[in-house]
Every structure is written in structure tokens, then in C-alpha cells.
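1. what follows is a predicted protein model with its sequence.
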There are 2 protein chains.
Amino acid sequence: MLQSKLFTKTRKEAPSDEVSKNAQLLIRGGFIHKEMAGVYTYLPLGLRVLNKIENIIREEMNTIGGQEILLTTLQDPKHWEASGRWDDAVVDNWFKTELKNGNKLGIANTHEEPLAKLLTNHINSYKDLPIYPYQIQTKFRNELRAKSGIMRGREFLMKDMYSFSRSDKEHKEFYEKTAEAYKRVFERVGLGNNTYRTFASGGSFSKFSDEFQTLSDAGEDTIYVDEEKKIAVNKEVFTDEVLSEIGLEKDKLVEKKSIEVGNIFSLGTRFAEAEGLMYKGEDGKNNIPIMGSYGIGLGRVMGTVVETLSDDKGIVWPKSIAPFKLHLIGLTDTSELYNKLIEAGVEVLYDDRDTQAGQKFADSDLIGIPFRVVVSDRNKGTGKFEFTDRVTVETKEITEDELFKLCEVK
Amino acid sequence: MLQSKLFTKTRKEAPSDEVSKNAQLLIRGGFIHKEMAGVYTYLPLGLRVLNKIENIIREEMNTIGGQEILLTTLQDPKHWEASGRWDDAVVDNWFKTELKNGNKLGIANTHEEPLAKLLTNHINSYKDLPIYPYQIQTKFRNELRAKSGIMRGREFLMKDMYSFSRSDKEHKEFYEKTAEAYKRVFERVGLGNNTYRTFASGGSFSKFSDEFQTLSDAGEDTIYVDEEKKIAVNKEVFTDEVLSEIGLEKDKLVEKKSIEVGNIFSLGTRFAEAEGLMYKGEDGKNNIPIMGSYGIGLGRVMGTVVETLSDDKGIVWPKSIAPFKLHLIGLTDTSELYNKLIEAGVEVLYDDRDTQAGQKFADSDLIGIPFRVVVSDRNKGTGKFEFTDRVTVETKEITEDELFKLCEVK
């Protein structure tokens, strides 16, 4: 893409009311726009990153048998009354609205109830299970405060998968399969090194849930990490009894701040039972499926990458989710190389703007595209380019062949 | 995909409260689920269709210079107060909600105001224009009644593009370019033959707007069609004066019912002015950009395809948006052919269910996948397959080579 055509501009300062590092950098780089606290528009660069995260998650969910659907934002109260989660005293972050006739509607913050209800139309027999529907859909949560940028929004895109299984064994097998898929997701988006599967509190149907926590001082959670075992315990269940139960030794654990980037829950039969979801077993008797829920917030992942991988010059995107792979900085006309790259299928942002070199470099550091190539009057036509890796910030001379190889063009 | 794994089931009857043909067929086929009037969940088959429509629209918008973004559902009233569109007496289909502190929020039904406001951060000079941001995003409209299935929802996915131009000439050029792109969209989704560019009323900044109307008795609009010129006039502007102005002869026009599948509007400077969006011209003076808006409802398109292209047995999907290209009906084990097709990259739904042949055929007709191949004990191993085209309902014998050719596998 030609940067001169990109309608967003970088800016030196983030809005004064923006306190989170992730949103400050993303706003300065032109990735997002703050509509209000906890509510952000994704601009072209930001949407490209979000879509890449989305596709990685989608691939991994499809791999383990997920079937993608799209549930609705507007919610009929009756399904939530059935489970006891309509009352604001029970769920304190509902947004609610109403129809012209005065009937109340919910604005969905999660989807266990409507999904279980929907499935009563499709699930009858043990042969219809297990199933793993999931969606990538916008959630709304009426947070009292929202100061974490895109890491805790009032409106945010979430992948939520739900499992419906016939036995504890079947449930646990899929639960572990999803935990493995989650590990792959966090590795692929660039958070693998400092993300820990974490024991957390479980709720009524299971002693524990599993969180995926990424180490960061910007995190709202406190966890105790066993570096060797690559496992952690959330402070909320950090007791001697729990440690002995899960086989961790207190003196090997290090206290860390962290961001919850994903979670998986055993829900038992609570929601299926409330919505009347049953299936006939092989013996002809009615059974209630066992549910699990599996969430990843896409903005949360993007925000966490920015929080944990940026440097003092700006954002440092992992290659897998960068808005472009290559930032071509033209200090002279570089259309020829740009056209070659486009033809070869390289995702390239070409800074063809009529702007000072210093500004171009500063913008490039801020935007954080993994590879940078500078073409100036000095090196144009020599067959050599000045190449910089955004992670190592090392600069070297490379040939055109080497450039195409680095961009994985065969 | 294995049909035995697809969690949705077909059904003989639609819900008794569902009066529209499109939703009746889509619910029976397991494409959608009705949450409440005008609010539908997209199930795996339905989401596949929706995604294909989305990708066609996205490609055409990118081709004319569109830049994709994702605006927010939650809306700050102040931008709408600035334009005079916050009051329910002015815009009668708002859903509204509120924050914990009691501040009111809107739930977006369109996005002129927040987009114009956002752009004040990015547009300064005539060099920054023209631009064409667009999004594919869920809209909410508090319709008094919602009886048209997915054709008029209270919650629906919409592509809305907005143009910001520096002169009437520049605006009109892009307006026409978009009209051409819209034609390509409606051709590609299978509605080209009976969709007409239609003169409609324009609002304060332009005498006319342009609608794209698809002929259908299920439509809410009445238009007058000139078959030769492939152009129409909406009843709302059907006067002798208008006809003479646009050069149509009354006696060549035929009255038809139709569905509005797309629209394009000239908005003048109204919203940009209200939000303080200005740019400095070459002469250094402040100017207000001229806006246009360009909408296509994705569910509306999908519903219109079902309304206009189905037959008495079920849905008939155009190849471009069908959930799968090929429905492989196995009356005996057909895994070998299925695996070959998958390997060749054919989008195939394999009915491997332990179900009666009659049920499989009825389901296949209802689901409406373009090509059907039946493999039974009779023809298995003969190298010949029974092939049916869903449009012509003609059945013939074809070889495996011919099958792969039909599926466009090289």
C-alpha cells in the first residue's frame, strides 16, 4: 500500500486522557481511535492486525473441530431469566435497551444461554454430540471504569467457543485439546515466551479454571510462576492446600503481574439444564450435556502484544500479526522496487510521502513493521538496500535477492 | 465437511411465527436461527454464505480505493447532537443504553457522525483527500415491526462506505465509480439479471439518490422499470416532471415490486460541517469536504437471493455464494472420492449420515448447493457418477474427470 494514500496520520502525542501504554502507542501510530473510555475504532492499520489475530485463532479453532457461527448482540431476557443471569444484581456489567413496545433487551456480554437454547432445535440424540460451536463476535460489558486501552473494553471483539460433551471424560479431553490450541495461538501471535497456563478459581462445577496469563507490569492480575514447569497459579487460589494439590512448591514460585489473554472454564450442566437442552442416551434416557467455555479477547491480545513487545521508539509487531511485513522507505522514487514487491505478493507499505527522512524513520519506528528497507539516491541502482530488522534494530546492506528471500518470496 | 459432523439439522416446518419466505427456508435448512423478530443467529452454513457475500463486497470496495475500518457500536451522544440526529423525534429507530454513571449511549444505526468526527484527527490539507473509508459492521435499528426475515433486521451486518471529496466533480466521479462497483457486486452474488439502478429521492443535498432494486413480490418498494435501459424510478419520485428530467417515457415503464439491496447517497457538507471536519485548500483557506454514503446490507442480499432464486423444493444458491460448491450424497461409503475432492481443494459437503436416501435428497434440495453427486452401490467403482445441477435440476452421468473439471479443479 502507498502510505500517501493511507488516510490515517501518526501523531506525536496521544490524547491526554489516555493512560494506557497500548492505546497511547496505537493511537499515535494511527491504528485505533478512541471513541470514549473503553470504546475504540479500528483504523486500517489496526484492522489489519486484528484480522491477522482473528485468522490465527480461527485456524486453531477449526483444527480442533470448532464450527463457526455468529450469535446475536440483542438478547431476549427470558433465556437469561431461566439461568438467573438477567438481574443486574447477579451480572453487574449488562448494557440493556428496549424495543419500541417497551420490552427489555440485553446487549450480549457472553452467550452460554442463547446458544444452549438454540441447540434445543438441533441436538436430540447422543449421536449429535460432542459439538464445538464458536464465534468471533463483539461483546459489550458495562465496566465501571475502563482505563486499560484495548485490553479491557466496554465493546470488544472476542472469540468464544463452547463445548457440549456427553461425559466428564469427553469434556476433559476437549478441554485439554483446547488448552493445547490456545498455547499454539499465543505462540503464533508472538506471546508464547511469556504466557503461562495458570490455575485459577473454577466456579460451581469445577475447582479450577485455566487462564492464560502473559507477564506484564500493565496486568491487573497477580500470578505465581513456576518457570521450569511453565505453569502458574493465580493469587485468587494461591493457598498451601492448592499448591500441594497441583504439585507446586512454594519456594520455586515467583510473584508476577500479568494480563489474562485467554481462559477456559468447565460449566457443568448449569446452562444446558436451565435452557432445557437434553439428549437421549444410548439407553433412551434423557441426559444433560456438559458444557465448557473458551474465550480469547482479540483486542486484549493485540493490546498485550503492544504492552509487552514495544520499545521506547514504538511498537514492535511479530511478523505473524504485523499490518505489513515490509516498510519500504523511499527517500527517492522507489516505485520500481515497490511494484516488484507487490507483484511478488509481499505485504509492503511504501512510504512515498513528500516528507522529511527523519519523520519517515520516526513514523516507521512507531508503526513497528518487522522489516524496513531504505532506498535513497545514494543506494538506488546499486542493487544494495539498507535493511533494518525492527526487533534487533540492526541495519545491514542486502541485495534484492536477499530481500525477497527474507520476505519469504520464492 | 462431513454432514454427520455438522451440528445443525434441517427441519420440515419453519417456526409458526416466521412469515417471510427467506427466513422460513433458511431456518428449515439450518442456515439461521431466529432469536426474536428481526434478530437472527447465523449457523455454520449461513455464516459461510454471509462470508462469501462479504468477501465479494470487500474485493469490489478495495478495487475502487476503499480502506476498511471498524467503527464502534456504542456511540457518544455529543456527535449526534451536533448533527441534530440524537433526538428520537428526528431518528425514530435508535436503540439507546447507558453507562453505570447514567450517561446515555447510542447503539449505532449508521456512522456518518462518528466517522466525520474521527477524521478531524487525520484530515488537514487538500492533499489528504479524497478518501473512502468503509466497514462491514453490525447495525442496530429499532424497527417497530420486523416481518421480512433477514431482509429487514433489528440487528444486521452492513457494508457502509463513506466518501470525502474536495469538489462536486470529484464526488460525482466516485459516486459513479461506486455505482459501477455495486453493479459488479450484484452480478457476482447472482442478482445481476433482475437488479436495477433506480432513481430515488435524494434529501437536502441532492435531488436524487440511487437505489439498487431487485425485482421481487416480497419487496416493500414499488418501482417503474425501463427494461431496455435497465433503469428504474422509485414510486416516491415518480412524477411527470422527474420522468422528463431523467429522460424516461411513461409508457415504456412497468410497475414492479422490489427489494432495495443497496443505496448510494450524496450527503453534501451537512455531517462534515456539524462535526467540524475541514481541510485547507491550495489557497490556504478552510473548506468542508463533500460526503457520500454507500450501503449494502449483507443479510438483505442473502435474503433477496433466497426470495428470488429458490424453487418449491428449497434454496438455489448461485455458485459464488453457495456454502459449498458440491453436495456429495453417499448412499454407500464414499470416503475415497470425498478425500480426493478435499485434497483437490473442492468445497464439498459429504452427506455421510446414516439416513434414508429420500431424506438425503430432500435435505440436499432444501440446502441448495449448486452441484450434487450421488454415489450408490449401483455406480460405485464404475467410474461414473450421477450428477445433478441444482438450477436446471437435470441429472446426467459424468466421469470423475468431468466432475473435477466442473468443480474448476485443474
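-> Noted; the coordinates are in hand. None of these values were measured; they are calculated from a predicted model.

2. who touches the closest residue to residue A:200 other than its chain neighbours in this structure?
-> Nearest residue to residue A:200 in three dimensions, chain neighbours excluded: residue A:234, at 4.1 Å (Cβ to Cβ, 6 or more residues apart in numbering or on different chains). (Each C-beta comes from the backbone N, C-alpha and C, glycine too.) Residues near residue A:234 by Cβ atoms under 8 Å, 6 or more residues apart in numbering or on different chains: A:198-201, A:211, A:213, A:221-223.

3. please repeat the previous calculation with a cut-off of 6 Å.
-> Residue A:234 makes contact with A:198, A:200, A:223, according to Cβ atoms under 6 Å, 6 or more residues apart in numbering or on different chains.

4. and what about the first one, helix, strand or coil?
-> Three-state secondary structure (criterion: DSSP: H, G, I helix; E, B strand; the rest coil) places residue A:198 in strand.

5. would you list the phi and psi of the most centrally placed residue in chain A?
-> With distances taken as Cα atoms, centre = their mean, chain A has residue A:298 as the residue nearest its mean C-alpha position (2.6 Å). Backbone torsions of residue A:298, given as degrees, to the nearest 10, read phi -70, psi -40.

6. surely it meets residue A:156?
-> No. The criterion here is Cβ atoms under 6 Å, and residue A:298 misses it with residue A:156 at 7.4 Å.

7. for residue A:18, what are its contacts?
-> residue A:24.

8. got the residues of chain A near chain B?
-> A:7-9, A:33, A:35-36, A:39, A:41-44, A:47, A:67-74, A:76, A:95, A:97, A:100, A:118, A:122, A:131, A:142, A:144, A:155 (Cβ under 6 Å from any Cβ of the partner chain).

9. residue in the stretch 251-400 of chain A nearest to chain B?
-> Residue nearest to chain B within the stretch 251-400 of chain A (Cβ to the nearest Cβ): residue A:354, separated by 8.4 Å.

10. and that residue, how far from residue B:254?
-> Here the criterion is Cβ to Cβ, to the nearest Å. By it, residue A:354 lies 55 Å from residue B:254.

11. more neighbours: which of these two?
-> residue B:254 (11 against 6; other Cβ atoms under 10 Å in any protein chain shown).

12. for that one, give me the pLDDT.
-> On pLDDT, residue B:254 comes in at 97.

13. give me the element the residue nearest to it when sequence neighbours are not counted is part of.
-> Leaving aside its sequence neighbours, residue B:254 sits nearest to residue B:225 (Cβ to Cβ, 6+ apart; 5.1 Å). Per DSSP states H and E, residue B:225 falls inside strand B:221-226.

14. what lines up beside the longest strand along chain A in the sheet?
-> Criterion DSSP state E: the longest strand present in chain A is strand A:254-268. Using DSSP bridges, strand A:254-268 pairs in its sheet with strand A:208-215 (antiparallel), strand A:221-226 (antiparallel), strand A:290-297 (antiparallel).

15. mean neighbour count and mean pLDDT for those - can I get that in a markdown table?
-> Below are those laid out as a markdown table (neighbours: other Cβ atoms under 10 Å in any protein chain shown; pLDDT from 0 to 100):
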| stretch | mean neighbour count | mean pLDDT |
| --- | --- | --- |
| strand A:208-215 | 24 | 97 |
| strand A:221-226 | 20 | 98 |
| strand A:290-297 | 24 | 98 |
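
16. need those strands in TSV (columns: distance to residue A:1).
-> Below are the strands paired with strand A:254-268 laid out as TSV (distance: least, Cβ to Cβ, whole Å):
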stretch	distance to residue A:1
strand A:208-215	30
strand A:221-226	38
strand A:290-297	27
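
17. which one of these lies nearest to residue B:89?
-> For the strands paired with strand A:254-268, proximity to residue B:89 was assessed by Cβ to Cβ; strand A:290-297 is nearest, at 38.0 Å.

18. output the closest one as PDB, nothing but the C-alphas.
-> What follows is strand A:290-297, C-alpha atoms only, in PDB (Å, rounded to 0.1, in the frame of the first residue of the first chain):
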ATOM      1  CA  ILE A 290     -21.700 -30.900  29.900                       C
ATOM      2  CA  MET A 291     -20.600 -27.500  28.800                       C
ATOM      3  CA  GLY A 292     -17.200 -25.800  28.600                       C
ATOM      4  CA  SER A 293     -16.500 -22.200  27.500                       C
ATOM      5  CA  TYR A 294     -13.300 -21.000  26.000                       C
ATOM      6  CA  GLY A 295     -12.600 -17.300  25.500                       C
ATOM      7  CA  ILE A 296      -9.900 -15.100  23.900                       C
ATOM      8  CA  GLY A 297     -10.300 -11.400  23.600                       C
END
